[in-house]
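**Q** Structural data only, the sequence is not supplied:
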């Protein structure tokens, strides 16, 4: 009996509208339902105008047993932005690009540094994934080998050891965290460069990690696939862990989908990020134990 909610990015008014539509009510400052709970897929911060309010609401629900939540890449980046390296500087540089990405959060907490520090500590307690047997939740990508590695190392949350190791390019920790929180990527030819929502030139594309690349086209396999690549066959030597069709349903966010209405990506693959920070929808999937996922269980607000 879970209502899984996509990336919020500081749009608390829309979150309240969605919770109301899902029949949650506020009691003693905490949003509650008589017999359901929320699962948040991460990315509470950056971009939107109500980041403090969003964190107050989400953390309040989690702390009072009314919700579960996983870490998003924006929470991970915020921790790294605030964590100093041993030799000086920060794990996530304070470059103009990174400051721009965090600007809305930094501005809204400018007069509340102690409060922001407490939220950074709370981010570290958020699990990197949830495996609830009948369903799974992760921010960007469920790769079975990565999840098993995290479990084997007891890296369910972002311990300092994992945080620092994940900033060493080429390490397994770097690959696992980047895939899990930011998604798998494929390097496209330089001639097919494209520009993302922030105007940055990209020569990599995120992979639809549930699509078998065998005998398929790039247009079916890549997010934001350049027009020139859409009808090209994927090379046979491209291999990675595909999410099995007989695995429990997996819910995630991250990908800034811009469909007219929320739709299931695959029979057991459900993305809940529909670009709320880009005039899109804030989306939930109302899951009640069903094995067969159905579009009719999406609930959303504009």
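**A** On my side now, so go ahead. If you're wondering where the values come from, they're calculated on a predicted model, not measured in any experiment.
**Q** can you pull the contacts of residue 170?
**A** For residue 170, no residue meets the contact criterion (CB atoms under 8 Å, 6 or more residues apart in numbering). (Glycine included, C-beta is placed from N, CA and C.)
**Q** okay, and for this protein, where does confidence drop off?
**A** Within the chain, no stretch has pLDDT under 70.
**Q** Centroid-wise, who is the farthest residue in it?
**A** residue 87 (30.5 Å; CA atoms, centre = their mean).
**Q** Could you check how far it is from residue 262?
**A** According to CB to CB, to the nearest Å, residue 87 stands 46 Å off from residue 262.
**Q** neighbouring contacts of the longest strand along the chain?
**A** Secondary structure of the chain per DSSP state E: the longest strand is strand 281-287. Residues outside strand 281-287 that contact it (CB under 8 Å, 6+ apart) are 1-6, 8, 11, 14-15, 17-18, 22, 38, 135, 249, 251, 262, 270, 272-276, 293, 297-302.
**Q** and if you look at stretch 190-203?
**A** Taking CB under 8 Å, 6+ apart as the rule, stretch 190-203 contacts 97, 100-101, 187-189, 205, 224, 226, 228-229, 256, 278.
**Q** Give me the distance between the two termini of it.
**A** 6 Å (CA to CA, to the nearest Å).
**Q** Stretch 102-114 now?
**A** Criterion CA to CA; first-to-last residue distance in stretch 102-114 is 17 Å.
**Q** now that stretch: how far from the chain's centre is it?
**A** 21 Å (CA atoms, centre = their mean, to the nearest Å).
**Q** Please identify the buried residues of it?
**A** 102, 104, 105, 106, 108, 109 (16 or more other CB atoms under 10 Å).
**Q** Enumerate every residue touching the residue nearest to residue 164 when sequence neighbours are not counted.
**A** Leaving out its chain neighbours, the residue that sits closest to residue 164 by CB to CB, 6 or more residues apart in numbering is residue 91, at 7.2 Å. By CB under 8 Å, 6+ apart, the contact set of residue 91 is 80, 81, 83, 84, 85, 163, 164, 167.
**Q** Please indicate which of those are buried?
**A** Looking at those with 16+ other CB under 10 Å, the buried ones turn out to be 80, 81, 163, 164, 167.
**Q** Could you look up the SS state of the third one?
**A** To tie it back to what came earlier, the one meant is residue 163. helix (DSSP: H, G, I helix; E, B strand; the rest coil).
**Q** which residues touch it?
**A** 79, 80, 83, 91.
**Q** quick one: the third one and residue 90 touch, right?
**A** Yes - the pair residue 83 / residue 90 is scored as a contact, 6.3 Å apart, by CB atoms under 8 Å.
**Q** ok, which stretches of this structure are helices?
**A** Secondary structure of the chain (DSSP state H): helices at 12-21, 51-63, 73-82, 96-108, 113-123, 144-152, 160-165, 172-182, 218-221.
**Q** So what angle separates the directions of the fourth one and helix 113-123?
**A** Spelled out, it's helix 96-108. Taking axes from the mean of the first three to the mean of the last three CA atoms, to 10 degrees, one finds helix 96-108 and helix 113-123 inclined to each other by 110 degrees.
**Q** rewinding a little: figure out which of the helices of the chain is closest to residue 130.
**A** helix 144-152 (10.4 Å; CB to CB).
**Q** how about the closest one: buried residues?
**A** 146, 147, 149, 150.
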